[in-house]
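Asks: when you get a sec, could you give me coordinates for this:
(chains A and B)
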Protein chains: 2
Amino acid sequence: MKDKRPLILVTNDDGITAPGIRTLIDVMNTLGDVCVVAPDSPQSGMGHAITVNDTLFVDKVVVDKDAPQVEYSCSGTPADCVKLAVNEILKRKPDLCVSGINHGSNSSINVIYSGTMSAAVEAGTQGIPSIGFSLLDYSLEANFDPVRKYVKQIAMQALENGTPEGVVLNVNFPKLPENELKGIKVCRQANAHWVENFDKRVNPLGRDYYWLTGEFVNEDQGEDTDEWALDNGYVSVVPVQFDLTAHHAIKDINSWDLK
Amino acid sequence: MKDKRPLILVTNDDGITAPGIRTLIDVMNTLGDVCVVAPDSPQSGMGHAITVNDTLFVDKVVVDKDAPQVEYSCSGTPADCVKLAVNEILKRKPDLCVSGINHGSNSSINVIYSGTMSAAVEAGTQGIPSIGFSLLDYSLEANFDPVRKYVKQIAMQALENGTPEGVVLNVNFPKLPENELKGIKVCRQANAHWVENFDKRVNPLGRDYYWLTGEFVNEDQGEDTDEWALDNGYVSVVPVQFDLTAHHAIKDINSWDLK
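Replies: Take a look at the predicted model:
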């Protein structure tokens, strides 16, 4: 690693032209050789979707003609982008995959709906150290400058130390000016959930339809959670695993009357 | 629970007319009052996608006019179906949510790509005991009869015992005749992954495109895994959690140089 510039794969779920990925590319260019493979359109809420029943198109594109990175725009999901990058586009396995910076939170239970994190997890399953970054600001005009130094620091540490096997990082930033950010906390995922509240409407043809809306409910009082960290001005880093086995529950289920 | 018939929500990711969900409905009708809310078209590989940037349509439908269940067809993903069912369609929280029976495996790492399991996980986040069922046979003509008694047994036990908090079940069936099925094993998720092999083609306009194909690689030699159970003729039951925190890795990451 120390003898050559690292190869860094950058992707996201807001689409290749989103401001968040531009900041991420900019920071990664200070750390290594950057290849961008990102969706050609927004993919928010895509979870770990992959494209199994449709074709995938990939185009080499120039978004910023003065920048050093190579960029590809892909018709698929964030997980598709990583699969295509690793297996078709890149000449060698990247040293790091970073995804984001997402416009909006992926803390707590949001991790399971997150296209940003699905890209990071996909890279993780292929043995690549991997980080998803998200800023708690949905606006397209969100200011990503305050978080640059943290993005760089965490990415450098992942390059230097590697990540534990089977683990990727879920990093969220509170929406705060730089001087109010208190530093980094390594956390667990808060035990929270969404209560949906569908907005029911009638279309011009008289047919009912719904918009998904909801309220985030966090009943977890722990001070070791990502929600606590974010509420208190810290950058949250949650190590996330894709072995979903609830090992503690195996004994429980074994006590059932199953033959 | 013992005083009234349980309310059972049934969904899937292969679409409301798939043979697998018909078997599941049929078995659930022997256990309680059944409401079906399922996608109007196949959603395989959708992971935990939700529909945030589009409208959702729901139609009451009759697929089998002699059967007792109420059925709704939904334009969204499996996770959308569960959200709509719980928050709009059902009068009370269901006692059980079952998803499937999927045409094809959701064992091991496939759990993260699975629409079937995303529906089960979604119900789990809302505190509903929940099970995803899958048969290792992609065929539309797959024979679901051999697995009926296991589906019933596992669902009954979940109704009777409840499921541990934060845990849903991922059940997979090997493709075997009934007399060769050896019984049920509670397992951990095997440590396996996919190696992609994109099939590159040229469309009639001369543009390159790809089909996603891949090879499943299981390097996990453990005899306590779902892959081992399935290979050896057992029904695999993996308790799956949606707290994705890699608790064991927090100490590791805390040793990094993060400020």
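Asks: so for the helix or strand hosting residue A:122, mean pLDDT?
Replies: Under the criterion of DSSP states H and E, residue A:122 resides in helix A:115-125. For helix A:115-125, the mean per-residue pLDDT is 96.
Asks: name the helices or strands packed onto that helix?
Replies: Using 3 or more CB pairs under 8 Å, 6 or more residues apart in numbering or on different chains; DSSP states H and E, the elements in contact with helix A:115-125 are helix A:78-84, strand A:96-103, strand A:130-135, strand A:167-173, strand A:235-241. All C-beta atoms are positioned from the backbone trio N, CA, C, and that covers glycine.
Asks: any idea of the mean pLDDT in stretch A:77-89?
Replies: Mean predicted confidence for stretch A:77-89 is 95.
Asks: distance of residue A:117 from residue A:11?
Replies: 11 Å (CB to CB, to the nearest Å).
Asks: can you check which residues contact both of those two?
Replies: Common contacts of residue A:117 and residue A:11, defined by CB atoms under 8 Å, 6 or more residues apart in numbering or on different chains, comprise residue A:99.
Asks: does residue A:99 touch residue A:78 like I think?
Replies: Yes - between residue A:99 and residue A:78 there is a contact at 6.7 Å, judged by CB atoms under 8 Å.
Asks: end to end, how far does stretch A:54-73 reach?
Replies: End-to-end distance of stretch A:54-73 (CA to CA, to the nearest Å): 17 Å.
Asks: sorry, back to before: who has more neighbours, residue A:99 and residue A:78?
Replies: Taking neighbours as other CB atoms under 10 Å in any protein chain shown, residue A:99 and residue A:78 compare with residue A:99 leading, 36 against 33.
Asks: and the closest residue in space to that one that isn't next to it in sequence, how many neighbours?
Replies: Spatial nearest neighbour of residue A:99, excluding adjacent residues (CB to CB, 6 or more residues apart in numbering or on different chains): residue A:119 at 4.1 Å. For residue A:119, the neighbour count with other CB under 10 Å is 36.
Asks: does residue A:131 touch residue A:172 like I think?
Replies: No - Residue A:131 lies out of contact with residue A:172 (CB under 8 Å); the separation is 11.3 Å.
Asks: helix or strand: which one has residue A:25?
Replies: Counting by DSSP H and E, the secondary-structure element that holds residue A:25 is helix A:19-28.
Asks: what are the contacting residues of that helix?
Replies: Contacts of helix A:19-28 (CB under 8 Å, 6+ apart): A:8, A:10-12, A:14-15, A:34, A:36, A:38, A:63-64, A:67, A:69, A:98, A:100-103, A:133, A:135, A:140-142, A:144-145, A:147-148, A:151-152, A:155.
Asks: quick one: buried ones out of those?
Replies: Using 16 or more other CB atoms under 10 Å in any protein chain shown as the burial test, these include A:8, A:10-12, A:14-15, A:34, A:36, A:38, A:69, A:98, A:100-103, A:133, A:135, A:142, A:144, A:147-148, A:151, A:155 as buried.
Asks: restricting to C-alpha, output stretch A:20-36 in CSV.
Replies: These are the backbone C-alpha positions of stretch A:20-36, laid out as CSV (Å, rounded to 0.1, in the frame of the first residue of the first chain):
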residue,chain,number,x,y,z
GLY,A,20,-22.3,14.9,-2.5
ILE,A,21,-20.3,12.6,-4.8
ARG,A,22,-18.4,15.6,-6.2
THR,A,23,-17.1,16.4,-2.7
LEU,A,24,-16.2,12.7,-2.1
ILE,A,25,-14.3,12.5,-5.4
ASP,A,26,-12.4,15.7,-4.6
VAL,A,27,-11.2,14.4,-1.2
MET,A,28,-10.3,11.0,-2.6
ASN,A,29,-8.2,12.6,-5.3
THR,A,30,-5.9,13.7,-2.5
LEU,A,31,-5.5,10.1,-1.4
GLY,A,32,-5.2,8.0,-4.5
ASP,A,33,-6.2,7.2,-8.0
VAL,A,34,-9.9,7.5,-8.3
CYS,A,35,-12.4,5.6,-10.5
VAL,A,36,-16.1,6.7,-10.3
